[in-house]
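Visitor: Below are the sequence and a predicted model; questions follow.
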Amino acid sequence: METYGKHPNMVRKGAERGWINKPHKIYHLEELIEPPVSIRKEKGKGAVRNKWFKTVAQLMKAKTLSDLTK
């Protein structure tokens, strides 16, 4: 619970979804590296509301957000 201490909404949602008191991974990043090319949003496309888990290789190849939904 101490992981989520500063995020009460996360604790509430986690309890509702059964995630509390289950093992979870915590990553501590040393630094964030900006991709060499920006991943842009295409004109006329709506807001992005989905979570995508992609590899670094997939992120490096993507030129648009649509590339990440494939």
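Guide: Received it, and whenever you're ready, just let me know what you need.

Visitor: so A15 sits in a strand?
Guide: No: applying DSSP: H, G, I helix; E, B strand; the rest coil, one finds A15 to be helix, outside a strand.

Visitor: Relative to N21, how far out is it?
Guide: Applying C-beta to C-beta, to the nearest Å, one obtains 9 Å for the distance of A15 from N21. Yep, even glycine has a C-beta here, placed from its N, CA and C like the rest.

Visitor: more neighbours, those two?
Guide: A15 (12 against 9; other C-beta atoms under 10 Å).

Visitor: Retrieve the pLDDT associated with the more buried one.
Guide: Model confidence at A15, given as pLDDT, is 81.

Visitor: what's the distance between it and P23?
Guide: Per C-beta to C-beta, A15 is found 16 Å from P23.

Visitor: Ok, N9 next?
Guide: As judged by C-beta to C-beta, N9 and P23 stand 21 Å apart.

Visitor: Show me what stretch 60-70 is in contact with.
Guide: 35-37, 39-42, 45, 48, 50, 52, 54, 58-59 (C-beta atoms under 8 Å, 6 or more residues apart in numbering).

Visitor: ends of it, how far apart?
Guide: This stretch, stretch 60-70, spans 14 Å end to end (C-alpha to C-alpha, to the nearest Å).
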